[in-house]
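K.L.:
Okay, sequence plus prediction incoming.
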Amino acid sequence: MERIVYFQDKALCFSSKAIPEGFFPWPFDARETGVRAKVINFLETHNKVCLLADDPEAAFELFAAEFSWVEAAGGLVEAEHGAGVLMIYRNGRWDLPKGHVEAGEAIEVAAQREVEEETGVAAQLQEHLCETLHAYYSPFTERWELKQTHWFRMTADAAPLTPQTEEGIEAVAWVAEEDVAAHLAASYPTIRAVFAAR
């Protein structure tokens with residue numbers, strides 16, 4: 001199974017043979033140490049890097065061991081009566097509602113809770129879409145984190161919207177299908193991957 005980890009707009013994939021188009025190949029030695037630092041170094045000069053390993057899953061585990069693992073969940077919410085797709089605007093980009101899974105919380109429950117907290121919309125779960133992986137340094141926890149977000153397709157009435165401003169959300173909108181592509185151009189690769197999975 002090919003995995004892709006995003007560092008903001010840059011990407012690292014793990015593969016045994018195939019190199020996705022546009023990715024810089026990195027033949028990987030399983031005895032290597034300091035994998036995270038090497039990845040960050042590669043991503044300073046390449047937007048996309050493909051780590052080539054005989055056992056990509058083992059290489060990913062070696063990489064992931066250098067991060068604190070974070071579980072999150074979110075939703076791609078479609079209006080039941082054709083009003084569009086629910087998106088939030090935060091940090092200068094269009095995004096989807098999501099957040100951390102609390103201790104003991106089911107990921108489905110977390111996804112619905114986060115959608116409602118961030119947008120004011122109570123959505124109904126429909127199906128699991130995909131997972132995305134996002135690596136970053138958190139100034140709040142002062143550690144490198146690797147976040148796996150579980151994404152679900154949901155539906156809801158086109159209800160009034162309430163952005164969770166204390167979480168930095170500036171706006172919430174029902175985006176018409178014909179406008180989704182323009183919003184995704186001003187989004188993150190992880191969000192484009194979620195839309196591609198629906």
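P.N.:
Arrived safely.
K.L.:
which parts of stretch 3-14 are buried?
P.N.:
Buried residues in stretch 3-14, counted by 16 or more other C-beta atoms under 10 Å: 3-7, 10-14. Backbone N, C-alpha and C define where each C-beta goes, glycine included.
K.L.:
In strands, which of those residues appear?
P.N.:
3-7, 10-14 (DSSP state E).
K.L.:
what's the closest of those to residue 28?
P.N.:
residue 14 (8.5 Å; C-beta to C-beta).
K.L.:
Summarise which helices and strands the lengthiest helix in the chain is packed against.
P.N.:
For the chain, the longest helix by residue count, based on DSSP state H, is helix 107-119. If you count contacts as 3 or more C-beta pairs under 8 Å, 6 or more residues apart in numbering; DSSP states H and E, helix 107-119 packs onto strand 68-79, strand 85-90, strand 98-100, strand 124-138, strand 143-156, strand 169-175.
K.L.:
hmm, try it at 6 Å
P.N.:
For helix 107-119, the elements it packs on are strand 68-79, judged by 3 or more C-beta pairs under 6 Å, 6 or more residues apart in numbering; DSSP states H and E.
K.L.:
can you list contacts of the strand it packs on?
P.N.:
85-86, 96-98, 100-101, 107, 110-111, 114-115, 123, 143, 145-156, 158, 174, 194 (C-beta atoms under 6 Å, 6 or more residues apart in numbering).
K.L.:
Same question for stretch 46-65.
P.N.:
Contacts for stretch 46-65 (C-beta under 6 Å, 6+ apart): 3, 10-16, 19, 22-28, 35, 42, 146.
K.L.:
before we move on, what about stretch 176-189?
P.N.:
6, 84, 87, 93-94, 175, 192.
K.L.:
so which of those is the most crowded?
P.N.:
residue 87 (24 neighbours; other C-beta atoms under 10 Å).
K.L.:
While we're on the residue lying farthest from the centre of the chain, how confident is the model there?
P.N.:
Using C-alpha atoms, centre = their mean, the residue of the chain lying farthest from its centre is residue 31. It sits 29.2 Å away. We have a pLDDT of 81 for residue 31.
K.L.:
Low-confidence regions, this protein specifically.
P.N.:
1 (pLDDT under 70).
K.L.:
Map the structural domains onto the sequence of it.
P.N.:
3-64, 69-197 (automatic domain parsing).
K.L.:
quick revisit: which of the contacts of stretch 176-189 sit farthest apart?
P.N.:
Spatially, the most separated pair among the contacts of stretch 176-189 is 6 and 84, at 25.1 Å (C-beta to C-beta).
K.L.:
State the paired neighbours of the helix or strand containing residue 49 in the sheet, together with their directions.
P.N.:
Taking DSSP states H and E as the criterion, residue 49 maps to strand 48-52. Applying DSSP bridges to the sheet, strand 48-52 is found paired with strand 10-15 (parallel), strand 24-27 (parallel).
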